[in-house]
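Trainee: Give the three-dimensional model of this entry:
(chains A and B)
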Amino acid sequence: MAGTFVPNRYRDTYCGSLRRADIGRQVRLAGWLAAKRDHGGLLFVDLRDPVGPDADLPATGEGMAGTTRGDHRACIAQLVSHPSDAFFEALGRLRPESVISVTGEVVARPPENINPKLLTGEVEVRLASLEVLSSAGVIPFPVEGEGEVGEEARLSFRYLDMRRGPLAERLAKRARFCQLVRDHLSSRGFLEVQTPILTASSPEGARDYLVPSRLYPGEFYALPQAPQQFKQLLMTGGVERYFQIAPCFRDEASRADRSPGEFYQIDLEMAFAEQEDVFGEVELLFSQLVSQLSTKTASPAPFPRIAYAEALSRYGTDKPDLRFGLEVADLTGSLAGRTELPMFAEAPKNGQAIRALRVPRGNERPRSWFDAFTEAAKSAAMAGSWLALPGGGEPRGPLSRKLTADEAATVARTVGAEPGDAVLTCVGPSAGSGASVPLGQVRSSLGRELGLADANQLAFCWVVDFPMYERNPDTGAWDFSHNPFSMPQGGLEALQSKEPGEILAWQYDAVCNGIELSSGAVRNHLPEVMEKAFAIAGYSRERIERSFPALWNAFHYGAPPHAGIAPGVDRLLMLLEDQPNIREVIAFPLNQMARDLLMGAPAPVTPAQLAELHLQVVPPRRA
RNA sequence: GGACCUGUGGUGCAGCUUGGAGUGCACGCCGGCCUGUCAAGCCGGAGGCCGCGGGUUCAAAUCCCGUCAGGUCCGCCA
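Mentor: Here you go, the predicted structure:
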């Protein structure tokens, strides 16, 4: 425990630090009134220290391994008052969560009254004086105790929620996380640079948050969706390695793992660097974070590299959970030429694949479960079917009637199915978001249902070789499939000679346990390559110049090759803390609908404020 | 933009399927008793637009429609 505690007029000792050795000391304590036990002729009060991230409290104690400062058992001391005390009645009238400062003598508890649940349980403080620093009203939900509290109340009274311990611990963990990122990356030669919050709207990507300009009527700043262009400009400016724990603002719908409005990334970029250089640095960083902040086991570096196309075909997703097997198998080769069943026989002729997934103990599953799968495949315009393998008897399910015994055996053997299992099959496009995808969704849910994934493991991997372009399903035009600033693999030559759909980008994701943590790329720093790359996506040179003037110009004055990535802070913390919801690792989160229930944002402003900004509100038309 | 789940004293829930008096549980709150509790105990009490609006019905927390709020997912998130 570091010694940052400074005695002052409110306190000279932490409640949670009192031990047998303190017996006889006169102490001054301050904190929240956690509980009262009023015996009429005797009053016990539990006084609780702050449990916030800056509290310099004992982290562990003998016989209570694992106790942390977020644990109320570790930061409570019992105070005792008698009717003869002048303040006895006043103390008895105080409600829980009132803040007081007291003095008294640390005394031993009789052996039969020792409380083993408290680190301070061998002693108590016989009060000599009471000062009420802040008396609390009736609190809206219990701060002490284990009971669940609705999230709406927790967000509306976030400061009470923070006193509850678990949230306080996560805030402390987040602080250590950020400290570690700064220390580690600084030691690796990364320069921390802050970039503007008020910047220009960029036409690509998510919806911007806009800030109206008072000085320039009708003109707007935008909050950065990420410091993407700034970090590339830093590279061009000769910064060798850059990082920032950067706020990012996107006006998009939220999810359990996606905060609305704003979130943080460990934004980093390296000059004269390629993909593997970035991977090496991030593997070092992630390994540090996991070993310092978690008891989980992380994949040893180097993390597995999996091509995007391979991830889609083997796992049916571009963010595979590698903690368990149960891979999607390909039956196209083993079945296609050797079955009468049209659905399978025709598949290869149409560029389709036959994929299959073993369902452990799937024979026990109800018909409705299989129907849900075939419906899901159907809604994705693919053909799903299934086969169940009872322990003793004949195979059953739609495929059993259509496949010969020999074919059914081939299917079972290829996916490694045993008696009692079932096999799901799907016929669909062999590449991209094809036949494996519906199976991959089942694979994920099986992982959860059957407990296949080790909760104590962090299975990192790199998904590489993302396609540069994808067809817009509505217009048929080529769109950038990810970051338009990525360098195409093969450079200008690839852009000129290949089908856009065949071109891969130096674009990569860091994935862990089925969660996308981060996206990055080797950047395109060559204007002529950029011009061609954007032309394929339908952007003229003029439009590049207009949309990204700073980058476009900068790259004409000597820009180093560079590459980078931006791991999400909030998602990494969710992973390290096993939290299912991103709001649990954020001090003051917006709710799902991007409302701040605590501060009441957003809110209307005065007509005068609007006038000053040259704005007029046009309410949406109501039905 | 769409789908689903939830909404019942201050908090957390049960009741809803199969309509019959705001019926219940735990915590909290108020008052009283109580000198060794530690989530104190015992006795008593207060507190409800069953989110809101409409409909069906002799009768609605319960069934139907709409709406608002909270959550989860799809779209979206270069």
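Trainee: Residue A:517 belongs to a strand?
Mentor: Yes - under DSSP: H, G, I helix; E, B strand; the rest coil, residue A:517 sits within a strand.
Trainee: Verify the stated contact: it with residue A:571.
Mentor: Yes - between residue A:517 and residue A:571 there is a contact at 5.6 Å, judged by C-beta atoms under 8 Å. Glycine gets a C-beta too; all of them are placed from N, C-alpha and C.
Trainee: Surely residue A:408 and residue A:400 touch.
Mentor: Yes - contact between residue A:408 and residue A:400 holds when scored by C-beta under 8 Å: they sit 6.3 Å apart.
Trainee: Can you pull the residues that touch both of these two?
Mentor: Residues touching both residue A:408 and residue A:400 (C-beta atoms under 8 Å, 6 or more residues apart in numbering) are residue A:387.
Trainee: the more surrounded of those two?
Mentor: residue A:408 (20 against 16; other C-beta atoms under 10 Å).
Trainee: What residues does the more buried one make contact with?
Mentor: A:387, A:395, A:399-400.
Trainee: So which of those residues wins on neighbours?
Mentor: residue A:387 (29 neighbours).
Trainee: Quick check: which ranges of the stretch 501-623 of chain A have low pLDDT?
Mentor: Where the stretch 501-623 of chain A drops to pLDDT under 70, the residues are A:621-623.
Trainee: Quick one: name the residues of it near RNA strand B.
Mentor: Residues of the stretch 501-623 of chain A lying close to RNA strand B (C-beta under 7 Å from any atom of the strand) are A:581, A:591-593, A:595, A:597, A:623.
Trainee: Residue A:284 - that's part of a helix, no?
Mentor: Yes - under three-state DSSP, residue A:284 sits within a helix.
Trainee: show me what contacts it?
Mentor: For residue A:284, the contact set (C-beta under 8 Å, 6+ apart) comprises A:184, A:188, A:301.
Trainee: got it, and residue A:571?
Mentor: Residue A:571 touches A:257, A:515-517, A:582, counting by C-beta under 8 Å, 6+ apart.
Trainee: try residue A:502
Mentor: No contacts exist for residue A:502 under C-beta under 8 Å, 6+ apart.
Trainee: Counting neighbours, what do you get for the residue in the stretch 101-250 of chain A positioned nearest to RNA strand B?
Mentor: Per C-beta to the nearest atom of the strand, residue A:150 is where the stretch 101-250 of chain A lies closest to RNA strand B, at 2.4 Å. For residue A:150, the count of nearby residues is 9 (other C-beta under 10 Å).
Trainee: any low-confidence regions in the stretch 1-150 of chain A?
Mentor: If you take pLDDT under 70 as the line, the stretch 1-150 of chain A has these spans: A:1-4, A:51-70.
Trainee: Enumerate the residues of it near RNA strand B.
Mentor: So the stretch 1-150 of chain A meets RNA strand B at A:35-42, A:44, A:46, A:78, A:80, A:82-83, A:95-96, A:109-110, A:112-115, A:117-118, A:121, A:124, A:138-142, A:144-150 (C-beta under 7 Å from any atom of the strand).
Trainee: Quick one: buried ones out of those?
Mentor: A:35-36, A:46, A:78, A:80, A:96, A:109, A:118, A:121, A:124, A:141, A:144, A:149 (16 or more other C-beta atoms under 10 Å).
Trainee: Work out for me the element the residue of chain A most remote from its centre sits within.
Mentor: Most distant from the centre of chain A: residue A:84, at 55.4 Å, with distances by C-alpha atoms, centre = their mean. According to DSSP states H and E, residue A:84 maps onto no helix or strand at all.
Trainee: So it versus residue A:105, what's the distance?
Mentor: 15 Å (C-beta to C-beta, to the nearest Å).
Trainee: what does residue A:24 give?
Mentor: Taking C-beta to C-beta, one finds residue A:24 at 7 Å from residue A:105.
Trainee: Could you look up the SS state of residue A:290?
Mentor: Going by three-state DSSP, the secondary structure assigned to residue A:290 is helix.
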